[in-house]
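S.K.: the sequence and its predicted three-dimensional model are supplied below.
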Amino acid sequence: MDEMNRKELNNIDESVNNKATDMKDMIDHVENEMEEHRMSEEREEEPVIGDKMNEKETVPIDEGTVMSRENKQRKKGNLKGFAAILASGILGSSITLFAFPHTDYFKEQYQKIEQQNAAVSNQEKTSGSSNVKTQPTAAPANSSIADIVEQASKAVVGIVNYQKQNDFYSQSSQTVQKGSGSGIIFKKEGDTAYIVTNNHVIEGASKVEISLYDGKKVEAKLIGSDALTDLAVLKIDSKDVTDVIHFGDSTTLRPGDPVWAIGNPLGLDLSRTVTQGIVSAVNRSVTASTSAGNWDLNVIQTDAAINPGNSGGALINAAGQVIGINSMKISESGVEGLGFAIPSNDLIPIVDQIIKDGKIIRPYLGVGLADLEEVPQMYMPTLPDNVDKGAVITNIDPNSAAAKAGLQAQDVIVSINGSKVEGAIDLRKYLYNKSKVGDKVELQVYHQGKLKMVYVTLTSNNAQS
């Protein structure tokens, strides 16, 4: 950069000097012409014998035109004036051209260029030595969507769920494939690489096999899972992992933002299929039926195609960041483009706790629950006519706090700490979002048709493992 600026300045100086030389020669030539013209005029003006200086004389100039001596003298004066103006202009330009290179202008401009080059050089050195790395929130200007998707796909894996199955005839068991899904490698630390997926992808597995980007298959170990949020974390040896994918900020999403779903629909034969769509809505609440009971999931709605096998795969933004984990879709007849993903900002705390503790630690009541309106009336004791909603206890852990407090199966919980309970989800939300281990809660319960107050001190579900 410095060498280019010096060469450019040298070329300017050389060009200015050449122009100045040419202008000097032109001035000399004009001066000589003017001197010859002046001498010629003087010879013409010498008086002829017998003439009087004040007499007017006509001289042919052009056909049909004559000029008096006064006009001739006027012409001579005009020529001198024009020559003087021309010489002054040329001389002024010459002085400017000769003087300009010797002023401080080029020096000042060159110093500015030198300072800019030094600043750029220092910035490059600083950037190169910095350990701070930031993730862009927008797609790089020189990257295509295909490049971004290709890079993200390297961290998307296939997951196969193997379970033991008993053979009735041979009285033996064998390991068979029960399902498959997707996952993403989001962290590589030492000898371990971490994968997040949906809980329903690996639930009940006796063996989990991972299919990497290069086609290599490795066995994974389950660190922990959470049925309610439908998340699970696996780990594999990092020696086979070349790429990881980073999480983006899902709170910045707006309806209309473009997104891409990457996964393995219908099995590994269609691995890393990419579908495109938009964010249809954010902060949707969808009730999911899990092995731990019904739970309202906060999800991102998208019209990007999500099919069986896509579960656990990545929903990425235009920067190639994961802003959601594809989890479910509505597949009713006549319904299209209704897919849902767990937002990245919701799953990160869950994933971090699973890595730390192997599970999600929550307050534990120790009861199985069902919605009152779902239980046939024949199985329920008589209740007041105005009681049509609540959470029915279907079973009790005999070592739980609920059992110690005297709760029994078929009891109907209608309130916790004064908050109305209309179903099992209401009770779980209060326990998991507004309570903590060690809290003493007040339950309003219908026992054999009669309302009573029961006080329970919440324990940890960690103690039950």
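M.R.: All right, it came through fine. Numbering: from 1, shown residues only.
S.K.: show me where this protein has its helices.
M.R.: Ranges of helices in the chain, per DSSP state H, are 2-45, 69-99, 105-129, 145-153, 199-202, 344-357, 401-404, 424-434.
S.K.: which of those has the lowest mean pLDDT?
M.R.: Mean pLDDT per stretch puts helix 105-129 lowest among the helices of the chain, at a mean of 44.
S.K.: surely residue 351 and residue 234 touch.
M.R.: No: at 11.0 Å, residue 351 does not count as touching residue 234 under the criterion of Cβ atoms under 8 Å. Any C-beta I mention is one placed from the backbone N, CA and C, and that applies to glycine too.
S.K.: the more surrounded of these two?
M.R.: Set residue 351 next to residue 234 and count neighbours by other Cβ atoms under 10 Å: residue 234 wins out with 26 against 23.
S.K.: hmm, residue 195 and that one touching each other?
M.R.: Yes: if you go by Cβ under 8 Å, residue 234 and residue 195 touch, sitting 4.4 Å apart.
S.K.: which residues are common contacts for these two?
M.R.: Shared contacts of residue 234 and residue 195, defined by Cβ atoms under 8 Å, 6 or more residues apart in numbering, comprise 159, 183, 210, 220.
S.K.: which of those residues has the most neighbours?
M.R.: Neighbour max across the shared contacts of residue 234 and residue 195 (other Cβ under 10 Å) = residue 183, 31 neighbours.
S.K.: contacting residues for that one?
M.R.: So residue 183 contacts 156, 157, 158, 159, 195, 196, 197, 201, 210, 234, 312, 313 (Cβ under 8 Å, 6+ apart).
S.K.: same check, this time on residue 208
M.R.: By Cβ under 8 Å, 6+ apart, the contact list for residue 208 reads 159, 160, 161, 162, 202, 219, 220, 221, 222, 234.
S.K.: closest one to residue 145 out of these, please.
M.R.: residue 159 (25.5 Å; Cβ to Cβ).
S.K.: the closest one reaches residue 184, doesn't it?
M.R.: No: between residue 159 and residue 184 there is no contact under Cβ under 8 Å: 10.3 Å.
S.K.: what do the two both touch?
M.R.: 195, 197, 312.
S.K.: who wins for neighbours among the residues you listed?
M.R.: For the shared contacts of residue 159 and residue 184, the largest number of neighbours (other Cβ under 10 Å) sits with residue 312, at 32 neighbours.
S.K.: just checking, that residue touches residue 180?
M.R.: No: with contact defined as Cβ under 8 Å, residue 312 does not reach residue 180; the gap is 9.8 Å.
S.K.: got any residues that touch both of those two?
M.R.: Common neighbours of residue 312 and residue 180, using Cβ under 8 Å, 6+ apart, are 159, 201.
S.K.: give me the neighbour count for the nearest residue in space to residue 151 that is not next to it in sequence.
M.R.: Spatial nearest neighbour of residue 151, excluding adjacent residues (Cβ to Cβ, 6 or more residues apart in numbering): residue 320 at 5.8 Å. Residues near residue 320, counting by other Cβ under 10 Å, number 25.
S.K.: can you give the domain ranges for this protein?
M.R.: Following automatic domain parsing, one gets these domains for the chain: 2-116, 145-240, 250-348, 363-464.
S.K.: and the gap between residue 317 and residue 245?
M.R.: Relative to residue 245, residue 317 is positioned 11 Å away (Cβ to Cβ, to the nearest Å).
S.K.: compare neighbour counts for those two and give me the winner.
M.R.: residue 317 (25 against 21).
S.K.: need the contact list for that one.
M.R.: Residue 317 makes contacts with 248, 253, 257, 258, 259, 323, as judged by Cβ under 8 Å, 6+ apart.
S.K.: show me the strands in the stretch 301-450 of the chain, by range?
M.R.: Per DSSP state E, counting those that start in this stretch, the stretch 301-450 of the chain carries strands over the ranges 314-316, 322-329, 339-343, 363-364, 367-371, 391-396, 412-416, 419-420, 440-447, 450-457.
S.K.: circling back to that earlier point, between residue 351 and residue 234, which contacts overlap?
M.R.: Counting by Cβ under 8 Å, 6+ apart, the residues touching both residue 351 and residue 234 are residue 196.
S.K.: wait, residue 324 touches residue 248, no?
M.R.: No: at 9.1 Å, residue 324 does not count as touching residue 248 under the criterion of Cβ under 8 Å.
S.K.: quickly list what's touching both of the two.
M.R.: residue 344.
S.K.: more neighbours: those two, which one.
M.R.: Using other Cβ under 10 Å, the more surrounded residue of residue 324 and residue 248 is residue 324, with 30 against 23.
S.K.: for the stretch 301-450 of the chain, what are the low-confidence residue spans?
M.R.: By pLDDT under 70, the low-scoring segments of the stretch 301-450 of the chain are 333.
S.K.: if you set the cut-off to 90 instead, what comes out?
M.R.: For the stretch 301-450 of the chain, the stretches with pLDDT under 90 are 306-309, 329-338, 374-386, 433, 448-449.
S.K.: that older thread, compare the strands of the stretch 301-450 of the chain and report which one is nearest to residue 270.
M.R.: Among those, the nearest to residue 270 by Cβ to Cβ is strand 322-329 (14.4 Å).
S.K.: strand 339-343 and that closest one, what's the angle between them?
M.R.: With axes from the mean of the first three to the mean of the last three Cα atoms, to 10 degrees defining the directions, strand 322-329 sits at 140 degrees from strand 339-343.
S.K.: who does strand 322-329 touch, helix- and strand-wise?
M.R.: Counting by 3 or more Cβ pairs under 8 Å, 6 or more residues apart in numbering; DSSP states H and E, the packing neighbours recorded for strand 322-329 are strand 172-189, strand 258-263, strand 293-302, strand 314-316, strand 339-343, helix 344-357.
S.K.: what is the neighbour count of the residue nearest to residue 160 when sequence neighbours are not counted?
M.R.: Among residues not flanking residue 160 along the chain, residue 209 sits closest, at 4.4 Å (Cβ to Cβ, 6+ apart). Around residue 209 there are 18 other residues, counting by other Cβ under 10 Å.
S.K.: how about the contacts made by residue 209?
M.R.: Remark: with contacts taken as Cβ under 8 Å, 6+ apart, residue 209 is in contact with 159, 160, 162, 217, 218, 219, 220.
S.K.: right, and the last one touches residue 210 too?
M.R.: Meaning residue 220. Yes: at 4.9 Å, residue 220 counts as touching residue 210 under the criterion of Cβ under 8 Å.
S.K.: what sits in contact with each of the two?
M.R.: Residues touching both residue 220 and residue 210 (Cβ under 8 Å, 6+ apart): 159, 195, 234, 236.
S.K.: what's the burial count for the last one?
M.R.: Counted by other Cβ under 10 Å, the residues lying close to residue 236 total 22.
S.K.: who are the contact partners of it?
M.R.: Shown in contact with residue 236 (Cβ under 8 Å, 6+ apart): 192, 193, 195, 210, 218, 219, 220, 221.
S.K.: beta partners for the first one?
M.R.: Spelled out, that is residue 192. Beta bridges link residue 192 to residue 189, residue 237, judged by DSSP bridges.
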